[in-house]
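*Asks:* here is a sequence together with a model predicted from it:
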Amino acid sequence: MAAASTRRALLGTTLAAVALIGRRRRAAATEQIKIRDLYRTNTEFSERAVALQGQRIEIPGFMAPPLKPDAAFFVLTKRPMAVCPFCDNAVDWPADIVLVLMREQQEWVYFNRPILVSGVLELGVAVDQSTGFVSKVRLVDARYELVG
Amino acid sequence: MNPLPLVAAEMRAGRARHAAIVLLVALAVALGVAISAQDRALRAGSARAADPFDLVIGAAGSETQLVLSTVYLQPGDLELLPARILGELQGRDDVGLVSPIGFGDSFQGWPLVGVAPALAGHLAAGRLAEGALFARLDQAVVGAKVALGTGASFTPLHGMSELVDDEIHHEGFSFTVTGRLPPLGSPWDQAILVPIEAVWWLHALPLGHKVDQARLFPSGAAGEPDFAAVPIGPPFEPAELAGVPAIVVAPKSINAAYGLRQAYRTDPATTAVFPAEVLVQLYSLLGDVRRLLGLISIMTQILVIAAIMLAVLGSLDRQQRQLAVLRALGAPRQFVFLTIWLDVALTLSLGAGLGLLLGYGAAWLLAQVFGQQTALALPVTLGWNELRLVAAVIIAGLVLAALPAALTYRRSVAHALRQG
């Protein structure tokens, strides 16, 4: 019993260490920024976001329900949509979402799975050629991986 | 020395055996190719059909039913949305297109769908196949597969079937066809698009606009109505609006799309859904089925190839004496190896190639049958997945063909001659 729990604890520590090393290596390669740190005010981008413009960065978040099926883009949100239908309301709907244009189409994941997206940051209003949608923040040439 | 004449002679001699092997491999490969191509076609076809519909808003209830009814025009029980929703939506400036959708009537089995002119234009991507959009309450635009020409007129039927006992023709009212949509590859190809106001008129509901009664009925309430008096499409007059089963919205921005979806999901009377959400769920289900079928087809291929190798090894004994004679006459070992290897490798490759064609044919045929039943066009194409599958079988064939060839290569001539 005690031996088993020690072993489990050891395993946990090892896994955590491996995860940490992995994360540190990634962080060394590319900067990571949270969605909430992209904006200074509701309409203005933060200095850090402006500085990272055009660079390959990583943003953690959640995949919003798909707007188009079989498409190579999705919307990244800072928290999972529709997890709590009571606390989410229209007023709450944030302006701070990121449009992710993938390098190649990847499988959809359920919208409560945390993901880490890496891509080149683009700021400013732009109209997508194929869908006609307007967006403000984009990660282009992106790909994502599941975390957690 | 060229082994090809001998291989050709061997193939001619064992024609039936070779044909059977080619067919077996072809069938096994065709199964895999058909599953993979059909899955992609189903995804592409359903996605294309849903493309013009960004956001669909309906009364609170089943989202799947809402999408099936609006995007794929499958009849279903939809509750009516409160009239105020349409009024709210048409006032927003982050919305590019708002169109109510109303069902209920038909003509000769083609469903009549009441829409705003903007949606008909949106579906046609701005370019009708012929004619013009409807501009009056008693005009209609037909889908690509509807057998009504421009200028034809027809009287709609209440409900969908001519066999219902209490069928009600909307007597004294007829539509004139003014235009035709280009083919969309969706069930909308079989629909007749009419102004939503016409659907309200046929059901004696308010017309959505302030209408001058004196202009509408120039010769008194019992006389012929003049439909030029009724405006078509938004903006609607909120006080004059009736309920509708669904509203199609094209938001201008991504934020607006998610904002509207959220707003009308939170509203207890309504639900809002991206058709893509429902499709992605369907795809994930389809993906599971495809993976299972794919596994079965791979096992089939392995079984078939294993059985064939067994048959080849068996038939080697028969050839053994002949090859030993060749060796005794001075043919090098490599020649014998090549003869056997080429025979097996060519047969397997031929089977795999034929399987690609057969699989494509099967997927195409399935798509035609499915298209007939659902009016959903499925574009069947051969992609990397299918080519990869065939390439894998061919490479496996080339490698495995070395097995019997090597066995023959190693056998001693004297032994083989004595045996015979």
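*Replies:* That came through, no problem.
*Asks:* now the helices for the stretch 51-200 of chain B?
*Replies:* B:63-70, B:83-90, B:117-123, B:196-202 (DSSP state H, counting those that start in this stretch).
*Asks:* can you check the stretch 201-350 of chain B too?
*Replies:* Under DSSP H, counting those that start in this stretch, the stretch 201-350 of chain B gives helices at B:213-216, B:254-266, B:275-328, B:333-374.
*Asks:* okay, now residue B:115: neighbour count?
*Replies:* Residue B:115 is flanked by 25 other residues according to other C-beta atoms under 10 Å in any protein chain shown. C-beta coordinates here come from the backbone N, C-alpha and C atoms, glycine included.
*Asks:* who does the residue nearest to it when sequence neighbours are not counted form a beta bridge with?
*Replies:* Using C-beta to C-beta, 6 or more residues apart in numbering or on different chains and skipping the chain neighbours, the partner closest in space to residue B:115 is residue B:99 (5.1 Å). Assessed by DSSP bridges, residue B:99 has beta-bridge partners residue B:248.
*Asks:* surely residue B:99 and residue B:118 touch.
*Replies:* Yes. The criterion here is C-beta atoms under 8 Å, and residue B:99 meets it with residue B:118 at 5.9 Å.
*Asks:* which one of those two has more residues nearby?
*Replies:* residue B:99 (27 against 17).
*Asks:* and the more buried one, how close does it get to chain A?
*Replies:* 16 Å (C-beta to the nearest C-beta, to the nearest Å).
*Asks:* wait, what's in contact with that residue?
*Replies:* B:115-116, B:118-119, B:122, B:196, B:234, B:247-248 (C-beta atoms under 8 Å, 6 or more residues apart in numbering or on different chains).
*Asks:* JSON lines for the helices of the stretch 51-200 of chain B, including mean pLDDT?
*Replies:* Formatted as JSON lines, these follow (pLDDT from 0 to 100):
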{"stretch": "helix B:63-70", "mean pLDDT": "93"}
{"stretch": "helix B:83-90", "mean pLDDT": "90"}
{"stretch": "helix B:117-123", "mean pLDDT": "94"}
{"stretch": "helix B:196-202", "mean pLDDT": "91"}
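*Asks:* out of those helices, nearest to residue B:257?
*Replies:* The closest of the helices of the stretch 51-200 of chain B to residue B:257 is helix B:83-90. By C-beta to C-beta, the value is 13.0 Å.
*Asks:* counting by contacts, list what the closest one packs against.
*Replies:* Packing partners of helix B:83-90 (3 or more C-beta pairs under 8 Å, 6 or more residues apart in numbering or on different chains; DSSP states H and E): strand B:95-101, strand B:246-251.
*Asks:* for the residue of the stretch 51-200 of chain B found nearest chain A, which non-adjacent residue is spatially closest?
*Replies:* Relative to chain A, the nearest point of the stretch 51-200 of chain B is residue B:54 (7.0 Å; C-beta to the nearest C-beta). Closest residue to residue B:54 apart from its sequence neighbours, by C-beta to C-beta, 6+ apart: residue B:250 at 5.0 Å.
*Asks:* tell me the contacts of the one you found?
*Replies:* So residue B:250 contacts B:54-55, B:95-97, B:122 (C-beta under 8 Å, 6+ apart).
*Asks:* could you redo the last one with a cut-off of 10 Å?
*Replies:* Neighbouring residues of residue B:250 by C-beta atoms under 10 Å, 6 or more residues apart in numbering or on different chains: A:132-133, B:52-55, B:95-99, B:118-119, B:122, B:256-257.
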